[in-house]
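> A predicted structure for the sequence below; I have some questions about it.
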Protein chains: 2
Amino acid sequence: MHYNAELIAVGTELLLGNIANTDAQMLSEGLSALGIDVYYHTVVGDNPQRLREALEIARKRANIIITTGGLGPTYDDLTKQTICETFGFPLEFHEDIWREIQDYFYRRMKGGKITENNRQQAMLPVGCTIFYNPVGTAPGCAIERDGVRVLMLPGPPYECRYMFTHQAAPYLQSLTQEKIFSHELRIFGMGESQVEATLHEMMVKGANPTLAPYAKTGEVMLRATAKAHTQEEAEAMLQPMLHQVKETLGDIVYGEDVESLEEVVLAVLKEQGKTVSFAESCTGGLLAKRLTDLPGASQVFRGGVVSYTNAVKAAALGVDEALLDQYGAVSEPVAKAMAEGCRKLCGSDFAVSVTGVAGPDPDDRGNPVGTVFLGLSGPDGAICRQIDLSRGRSRGHVRHLAASHSFDLLRRKLMDLPL
Amino acid sequence: MHYNAELIAVGTELLLGNIANTDAQMLSEGLSALGIDVYYHTVVGDNPQRLREALEIARKRANIIITTGGLGPTYDDLTKQTICETFGFPLEFHEDIWREIQDYFYRRMKGGKITENNRQQAMLPVGCTIFYNPVGTAPGCAIERDGVRVLMLPGPPYECRYMFTHQAAPYLQSLTQEKIFSHELRIFGMGESQVEATLHEMMVKGANPTLAPYAKTGEVMLRATAKAHTQEEAEAMLQPMLHQVKETLGDIVYGEDVESLEEVVLAVLKEQGKTVSFAESCTGGLLAKRLTDLPGASQVFRGGVVSYTNAVKAAALGVDEALLDQYGAVSEPVAKAMAEGCRKLCGSDFAVSVTGVAGPDPDDRGNPVGTVFLGLSGPDGAICRQIDLSRGRSRGHVRHLAASHSFDLLRRKLMDLPL
């Protein structure tokens, strides 16, 4: 049996552009891991007629339909009823779910009031598999008609992810045998077109395994995917491919099955038992934020200074005011002095500094947007690297790239790679 | 003429969940502002047959079809040809666009290589309106057949936004007369259900103007929308509605037509000529990052310290080690001392501190995840507020909420509202 799924997101807020359809992304990734192909995503508003039409199209071209949204208590969440009318599922009231909804409210919604609208969330199709919702009020469910399975999940991303992971994915896994296995390689230091041109031979379509590139902000992710019945069978296909990519691209491949440069930096620091601190000017706390987004950061991160003014560079980091006067804040001597001062202040093994022009305007010494100096101080002294981010497309982009380069510089230092 | 649009995003990476369809969000918001209804979003993979089927469905139910993606040079970008085959548009080669693509490459892609694949980007349907692309290589276009307009835009979000704003939106604006005008109110301190229950009377559907709530992370956004021929006509409907909402909800409405609490804080600080600094423990740089995401932050932000360890709290902020020993880092006395020390170090008018437990684990004194103390130091002394974020759903969520509460505390202090 070949399963293919269509995702139908219901919500006028999606059609108005208030939010992005991140549920579809999460579900697609999860279905892909289960070996279930997704051929279409559809988004419709809180409009019963158009939802009905979308369902009629979907039931002809997919045998798994997963809806997100439209299970909530607000007046425009009319969609569970529409789905049940279209497929001919009668609804029934579930006393136990009604009690759970009330419990959830009294437990979590301090100051919130349960309304009569919440009651309709306890109505579910007769004969369905109920997906309970411990992290919200709307329960979901799965039900089958004429070979088409319909799964209804809540719209709020956290609830949707929770219910998919804990209830819908196990339900779907029980349907299918063949699985998809994949590994991801992360690349920093080469653009997508160039990666693709370099690895073109390996990216022939339709084969098993496959290799495909995805552009991320300032990075490229390569995903190697194999269809197989077992992990072992898949690895026998995937490992030689991964090896070849690493041989070809070298040390710009910074990690396998990781999410970010900072994740690698955190792991290497932990492994080496070393600590780090950050002195940030133009990135304004972004390095610290990105590292401390990760659980366990406190094992390696001592702290840092956001020295957005020269006075703070001098007072907190001990940067010599003469240096600031002579070279300006965006300069090699100041980048080094920031890193050295930060390392001393925080008592860390390493310190990374960033000083540059994030934009939108050049600095008062005429340095153009995208001029950035990175400092790195360690037990064997301080170095500086100037990077040119004038290709950065916005303030946010320049800041993100500057932070990524900082993490890459630290990674290279820690792993003894060319700086 | 009533225009309604369908967005078709083309890209297997969307169906695999590698990226979210943020282009659809951006376009939907832009079309809504032009008064063009969007009834459906569709996503298909890099598969000519399924794309053709999606186009056949769309041309029956929409008179504007906007595709995103599939205009790039990589081998799987086969979709421009599919669109042209489906609608019967012959393609022709444009020498001037080919020159632009080459120029773009040599100018921007330092180290990149132009490939033969890039050549096919210079093929466009005969008779189309060309959308030039100064920020990428793929040009877009618009063309009409049997009353259906098809617009092709590039997939990369920055290019898509740029081309929509500068070329597609003006093209579409010339088609339509009636416009949609809206204002947004931002609320911090009340959940979506509660806001909805409170304002229920005003949220009757189908009227003009309308009022609709949207949940944001830790916040609610209310959008008031009017259909009208002129701005004046719209404002006459919208202003009384906005006034009534503000009267009803009070000072939890923190801004009108703004994006975030930090945007309001930045504006008020600028207006009052005051400066601020941040001492961050559990937020790890997030406050500084959020404020410095905004252009112009340097006018009011002096800097800050990410004091992730007690040693840094003592060394950089001068927090008395006796306080740390006696009360622990997550406590009222330490929050106050952090704020006071930061204000002194950075020479700012105000300083905000955050110390708490972001998770995933409780701290070594047994404070549960979500325990957070905020300190605020100003010319008239220091205060502390304890907040309970145990409802936070993840480390990232707790950190985000802690930062939002910090900005709200500062906003209230600056605007003389109840703390």
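Happy to help now that I have it.
> now the strands for the stretch 301-419 of chain A?
Along the stretch 301-419 of chain A, counting by DSSP state E, counting those that start in this stretch, strands occupy A:301-306, A:350-356, A:371-378, A:381-388.
> and of those strands, who's closest to chain B?
Using C-beta to the nearest C-beta as the measure, strand A:301-306 is the one of those that comes nearest chain B, at 3.6 Å. Every C-beta, even on glycine, is put in place using the N, C-alpha and C of the backbone.
> what does the closest one contact?
Contacting residues not belonging to strand A:301-306 are listed as A:275-281, A:284-285, A:287-288, A:291-292, A:312, A:316-317, A:342, A:345-348, B:278, B:284-285, B:288, B:292, B:303-309, B:311-312, B:316 [C-beta atoms under 8 Å, 6 or more residues apart in numbering or on different chains].
> Provide a PyMOL selection command restricted to the buried entries of those residues.
Applying 16 or more other C-beta atoms under 10 Å in any protein chain shown to these leaves a buried subset, and the PyMOL line that selects it is:
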select buried, (chain A and resi 275+276+277+278+279+280+281+284+285+287+288+291+292+312+316+317+342+345+346+348) or (chain B and resi 278+284+285+288+292+303+304+305+306+307+308+309+311+312+316)
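> Just the ones of the contacts of strand A:301-306 in helices?
Judged by DSSP state H, helices contain the following of the contacts of strand A:301-306: A:287-288, A:291-292, A:312, A:316-317, A:342, A:345-346, B:288, B:292, B:311-312, B:316.
> can you list the domains in chain A?
Chain A is divided into the following domains under automatic domain parsing: A:4-173, A:179-256, A:261-414.
> Let me have those domains in TSV, extended by mean pLDDT and distance to B:Ala234.
What follows is the domains of chain A, written out as TSV (pLDDT from 0 to 100; distance: least, C-beta to C-beta, whole Å):
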stretch	mean pLDDT	distance to B:Ala234
domain A:4-173	89	16
domain A:179-256	89	37
domain A:261-414	96	30
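> Just name the most buried of the ones you listed.
Of all those, domain A:261-414 carries the top mean neighbour count, a mean of 22, counting by mean count of other C-beta atoms under 10 Å in any protein chain shown.
> now that domain: how far from the chain's centre is it?
Relative to its parent chain, domain A:261-414 has a centroid offset of 24 Å by C-alpha atoms, centre = their mean, to the nearest Å.
> picking up where we left off before, dump the strands of the stretch 301-419 of chain A into a markdown table; add distance to A:Thr68 as well.
Below are the strands of the stretch 301-419 of chain A laid out as a markdown table (distance: least, C-beta to C-beta, whole Å):
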| stretch | distance to A:Thr68 |
| --- | --- |
| strand A:301-306 | 36 |
| strand A:350-356 | 40 |
| strand A:371-378 | 41 |
| strand A:381-388 | 41 |
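> Am I right that A:Lys227 is in a helix?
No - when classified by DSSP: H, G, I helix; E, B strand; the rest coil, A:Lys227 is found to be strand rather than part of a helix.
> From A:Met237, how far out is it?
9 Å (C-beta to C-beta, to the nearest Å).
> Overlap of the contact sets of these two?
A:Asn208.
> Can you name the residues of the stretch 301-419 of chain A sitting close to chain B?
Contacts of the stretch 301-419 of chain A with chain B, taken as C-beta under 8 Å from any C-beta of the partner chain, map to A:301-309, A:311-312, A:315-316, A:345-347, A:359-360, A:391, A:393-396, A:399.
> Try it again at 7 Å.
Within the stretch 301-419 of chain A, the residues that sit near chain B (C-beta under 7 Å from any C-beta of the partner chain) are A:301-309, A:311-312, A:315-316, A:345-347, A:360, A:391, A:393, A:395-396.
> any idea how far the most centrally placed residue in chain A lies from B:Ser28?
Per C-alpha atoms, centre = their mean, the C-alpha nearest to the average position across chain A is that of A:Glu259, at 7.7 Å. The gap separating A:Glu259 from B:Ser28 is 28 Å, by C-beta to C-beta.
> what does A:Lys227 give?
Distance, A:Lys227 to B:Ser28, by C-beta to C-beta: 35 Å.
> Equivalent analysis for A:Arg61, please.
Using C-beta to C-beta, A:Arg61 is found at 24 Å from B:Ser28.
> can you check A:Tyr39 too?
Distance from A:Tyr39 to B:Ser28, by C-beta to C-beta: 22 Å.
> can you list the residues of the stretch 151-300 of chain A near chain B?
So far as C-beta under 7 Å from any C-beta goes, the stretch 151-300 of chain A lies against chain B at A:158, A:191, A:193-194, A:196-197, A:205, A:214, A:284-286, A:288-289, A:292-293, A:295, A:298.
> Among the residues you listed, name the ones in strands.
Mapping these onto strands (DSSP state E) picks out A:Tyr214.
> show me the contacts for the closest residue to A:Glu256 other than its chain neighbours.
The shortest distance from A:Glu256 to any non-neighbouring residue, by C-beta to C-beta, 6 or more residues apart in numbering or on different chains, is to A:Leu185 (5.6 Å). With contact set as C-beta atoms under 7 Å, 6 or more residues apart in numbering or on different chains, A:Leu185 has these partners: A:Leu222, A:Leu242, A:Val245, A:Val253, A:Glu256.
> ok, those vs chain B, which is closest?
Nearest to chain B among these, with distances taken as C-beta to the nearest C-beta, is A:Leu222, at 11.2 Å.
> need the contact list for the closest one.
Contacts of A:Leu222 by C-beta under 7 Å, 6+ apart are A:Glu184, A:Leu185, A:Ile187, A:Leu211, A:Pro213, A:Val245.
> Next, it: secondary structure please.
Following three-state DSSP, A:Leu222 is assigned to strand.
> which residue packs closest to A:Glu321, ignoring adjacent ones?
Spatial nearest neighbour of A:Glu321, chain neighbours left out: A:Ala314 (5.3 Å); criterion: C-beta to C-beta, 6+ apart.
> B:Ser404 versus the one you found, what's the distance?
For A:Ala314, the distance to B:Ser404 - C-beta to C-beta - is 32 Å.
> now swap in A:Ile180 and tell me
39 Å.
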